[in-house]
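**Student:** Structure for this input, please:
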Amino acid sequence: MAAIKVIFDAAALSPPNGAFDRAAGGAITRAPLFPHAERACSDGQLGSIAAREDAASTVNPFPSETAVLMSNREKHDRMANAIRALAMDAVEAANSGHPGMPMGMADVATVLFGKVLKFDPTDPQWPDRDRFILSAGHGSMLIYSLLYLTGYEGMTLDDIKHFRQLGSRTPGHPEYGHTVGIETTTGPLGQGLANSVGFALAERMLNAQFGDDLVDHHTYVIAGDGCLMEGISEEAIELAGRQKLSKLIVLWDDNHITIDGSTALSVATDQLARFEASGWEATRIDGHDPDAILAAIEHAKTTDKPSLIACRTTIGYGAPNKGGTNAVHGAPLGAAEIAAARAFLNWEYGPFEIPSDVLDAWRLAGLRSRQAHKSWSQRLKDTEVGQRAEFERRIRGELPSKFGETVNGVIAKARADGGAVATRKSSEITLEALTAALPEMVGGSADLTHSNNTKTKATSVYVEPPKYEGRYINYGIREHGMAAAMNGIALHGGFIPYGGTFLVFSDYARGSIRLAALMGVRVVYVFTHDSIGVGEDGPTHQPVEHLAALRAIPNLTVFRPCDTVETAEAWKLALEHKTGPSVLALTRQNLPLLRTDSSDRCLTARGAYELAPASDEAQVSLFASGSEVSLAMKARESLEAQGIATRVVSVPCFELFLNQPEETRKQVIGKAPVKIAIEAAIRQGWSDIVGSDAAFVGMTGFGASGPAPEVFAHFGITPEGVVATALSRLKR
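**Tutor:** Alright, predicted model coming up:
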């Protein structure tokens, strides 16, 4: 069925879908549909957006496609007004927050949670629940109200009263792992929308492996104008359209308002045409008409494409003087406006007071999916024992029992081979073994597969509609969208995603990487071409500040291994780390095998360790990561030949080392009078390891284009440069 655009006549709307004015006698009357937009664009610049909305009535666009429509409008209004009242009251009590979006989208949320969404408040982690993502996270009181009203045990009325207060379970923006029922942390606009692509992909991939009986659910998103403006949205909707994620349904709060005023000030995009061009079904409805809302959602569930439902709403619906304007977007309404809104909504109850009939209606809505949950539990119980055990292991996020043996096998083979390889190749060797042993690993790359070496025999089949049986995702040249989708895949459960690009392009993905760290989710970033060793591509592609920038993100573990052994250990640690993301920074150039001993100790877990001792009491300690460890080893040989006792410490991971006990760190740092840190990057962060008085051989600015050995020599990052620095320091 072709997409249908439903457009509005202000006079036909019921309830009114515009701002509200109070006549001289005190009665509330309907104002123009878009008074704010008309003021901002009096010269007619509303263009094609307004043209969609000036001629037709708000009829149900799918009258023949929906068998059941909400029969009790009064009941619906009272349930929706409970959301509006809680949002107004909580923001007012906090003197901070965004009441406009929850008030405007209350009708949509009431239909979604009351009639459609498959969820069980008594088991928020039910694996086959529908996922709901509030991409417009500033409107967090919408989801907090819903969690309380539907009966989630982890959300009380007292929590609502303490909205945005330190230590409360109702922070300013929804936080995964902090508040029950929150699927992903949102607030930075567009992130939730992009996460949803990962959620929907994970559902299809898990369904391909375990079938409809165990995996068959939808992903619903409420997104705002800002979500669609952020660049990440384009990456996300293109990927979703290409993958034909028909179980992804986005409800756009099409209210024409941002903080600065009308969206017409900054946007002329026909969003429906934009989504359609990317392979979506797109429809516009009246976001205050529960019948139209339900019909549109039910229709979206029948298509073979992802769906955008543009819900034309009034921001701050019910606020007589501020509704429909930016005044209601991000500030408390104030006592007078709240009183007027209560009068308009016929809400005759005090602050935070929910009448019993309304609360009962919401609690019944929370019980609506109990039978579906019970039936699913029986199907799981009836599943073949081995299949059930594998499903449950995957959902718990536990690694297979022989995981450690797999890593040890990679290390043993590397030592037997003994050749020099780039650590990106070391990573590929490790991945070949790991992806064969761990069916939950799903890989991908931002169009750099053969440079990142992220594809293996086990992941050779692409994730493709309609079967989604593969384990490798073509993300396209979309680093930010890739990282956000990886977050969604990890949050959905059942998979451990990893994805690759060049280290220098980690900047493009930084927003999603930061959120992965904030949420504490297990994703692995394979960032290759990790230094000026990129060579001829020059300073645009040579990362110098990126290691420091990534190391600055709390709860992000950054590995820069020096050989195949450290690379395999880094992969082991990254996969075992369930409470945070990891980066593997890997070389383009070949590196010798340095860990040739037969010990099975995972030295990388220490973060830093002595790789080569001094022949006597150390005069010089050399500290290095990645490709510069082999450089330090050569410098050590030269210094030892000159009678200068020198030791080398490999530092594959700052974060793990700084987590070691102080006494352990002191032993690793040692007491040599001369300490030199070596890394083909800027110094920032190294002083925390070796002290501010230590010397540094590395970069102080951007790189240069040329063959890698010449570039290293040009910047003095050579064994000779390290020796000269050591001798200079010893003469002091």
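**Student:** need the contact list for Ala372.
**Tutor:** Lys118 (CB atoms under 8 Å, 6 or more residues apart in numbering). Using the backbone N, CA and C atoms, a C-beta is placed for each residue, glycine as well.
**Student:** what's the neighbour count on Gly493?
**Tutor:** Residues lying near Gly493 (other CB atoms under 10 Å) number 17.
**Student:** So for the closest residue to it other than its chain neighbours, what's the pLDDT?
**Tutor:** Counting by CB to CB, 6 or more residues apart in numbering, Ile395 is the residue found nearest to Gly493 once chain neighbours are left out, at 5.2 Å. We have a pLDDT of 98 for Ile395.
**Student:** OK, contacts around Ile395?
**Tutor:** Taking CB under 8 Å, 6+ apart, we find Ile395 in contact with 127, 493-494.
**Student:** Confirm that it sits in a helix.
**Tutor:** Yes - membership of Ile395 in a helix is supported by DSSP: H, G, I helix; E, B strand; the rest coil.
**Student:** quick one on the thing from earlier: can you add pLDDT, distance to Ala336 and secondary structure and give the contacts of Ile395 back as a markdown table?
**Tutor:** Output for the contacts of Ile395, formatted as a markdown table (pLDDT from 0 to 100; distance: CB to CB, whole Å; DSSP: H, G, I helix; E, B strand; the rest coil):
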| residue | pLDDT | distance to Ala336 | secondary structure |
| --- | --- | --- | --- |
| Pro127 | 98 | 48 | coil |
| Gly493 | 98 | 47 | coil |
| Gly494 | 98 | 51 | coil |
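**Student:** now, which of these sits nearest Leu431?
**Tutor:** Nearest to Leu431 among those is Gly494, at 19.1 Å by CB to CB.
**Student:** And the strands in the stretch 201-350 of the chain?
**Tutor:** With DSSP state E, counting those that start in this stretch as the criterion, the stretch 201-350 of the chain has strands at 219-223, 248-254, 257-258, 261-262, 281-286, 307-312.
**Student:** now the fourth one, how far from the chain's geometric center?
**Tutor:** Right, the one you point to is strand 261-262. Chain-centre distance of strand 261-262: 28 Å, with CA atoms, centre = their mean, to the nearest Å.
**Student:** tell me the mean pLDDT for it?
**Tutor:** Over the span of strand 261-262, the pLDDT mean works out to 96.
**Student:** now the third one
**Tutor:** In this model, strand 257-258 has an average pLDDT of 96.
**Student:** What strands flank it, and is each parallel or antiparallel?
**Tutor:** Applying DSSP bridges, strand 257-258 is found paired with strand 261-262 (antiparallel).
**Student:** what does the last one give?
**Tutor:** Using DSSP bridges, the strands paired with strand 307-312 are strand 248-254 (parallel), strand 281-286 (parallel).
**Student:** What's the mean pLDDT across it?
**Tutor:** For strand 307-312, the mean per-residue pLDDT is 98.
**Student:** The fifth one too?
**Tutor:** The predicted model assigns strand 281-286 a mean pLDDT of 98.
**Student:** cool, and the first one?
**Tutor:** When the per-residue pLDDT values of strand 219-223 are averaged, the result is 98.
**Student:** Can you show me the CA trace of that strand as PDB?
**Tutor:** Coordinates of each C-alpha in strand 219-223 appear next as PDB, following Å, rounded to 0.1, in the frame of the first residue of the first chain:
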ATOM      1  CA  THR A 219      11.000  -2.000  18.100                       C
ATOM      2  CA  TYR A 220       9.100   1.200  18.700                       C
ATOM      3  CA  VAL A 221      10.700   4.600  18.800                       C
ATOM      4  CA  ILE A 222       9.400   8.100  19.800                       C
ATOM      5  CA  ALA A 223      11.600  10.600  18.000                       C
END
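**Student:** tell me what that strand is packed against?
**Tutor:** strand 131-134, helix 191-210, strand 248-254 (3 or more CB pairs under 8 Å, 6 or more residues apart in numbering; DSSP states H and E).
**Student:** Just checking: what are the partner strands of that strand?
**Tutor:** strand 131-134 (parallel), strand 248-254 (parallel).
**Student:** hang on, the earlier thing: can you say which of the strands of the stretch 201-350 of the chain is packed in most?
**Tutor:** strand 248-254 (a mean of 28; mean count of other CB atoms under 10 Å).
**Student:** Kindly check the end-to-end length of stretch 633-649 for me.
**Tutor:** With CA to CA, to the nearest Å as the measure, the ends of stretch 633-649 fall 9 Å from one another.
**Student:** That should have said stretch 698-708, apologies.
**Tutor:** End to end - CA to CA - stretch 698-708 spans 14 Å.
**Student:** hmm, who's touching it?
**Tutor:** So stretch 698-708 is contacted by 532-539, 542, 544, 588-589, 628, 677-683, 686, 711, 714-715, 717 (CB under 8 Å, 6+ apart).
**Student:** Where strands are concerned, which of those residues count?
**Tutor:** 677-679 (DSSP state E).
**Student:** for the residues you listed, which one is nearest Met141?
**Tutor:** Glu679 (46.5 Å).
**Student:** so the closest one bridges to which residues?
**Tutor:** So, taking DSSP bridges as the rule, Glu679 has Gly698 as bridge partners.
**Student:** list the contacts for it?
**Tutor:** Residues in contact with Glu679 (CB under 8 Å, 6+ apart) are 547, 560, 624-626, 628, 686, 698.
**Student:** So which of the residues you listed is the closest to Leu166?
**Tutor:** For those, the nearest to Leu166 is Leu547 (33.6 Å; CB to CB).
**Student:** sorry, back to before: go through the strands paired with strand 219-223 and name the closest to Glu384.
**Tutor:** strand 131-134 (26.6 Å).
**Student:** Now the closest one - C-alpha only, CSV.
**Tutor:** Taking C-alpha atoms only, strand 131-134 is exported to CSV below (Å, rounded to 0.1, in the frame of the first residue of the first chain):
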residue,chain,number,x,y,z
ARG,A,131,11.4,-2.7,22.7
PHE,A,132,10.4,1.0,23.3
ILE,A,133,13.0,3.7,22.8
LEU,A,134,12.5,7.3,23.8
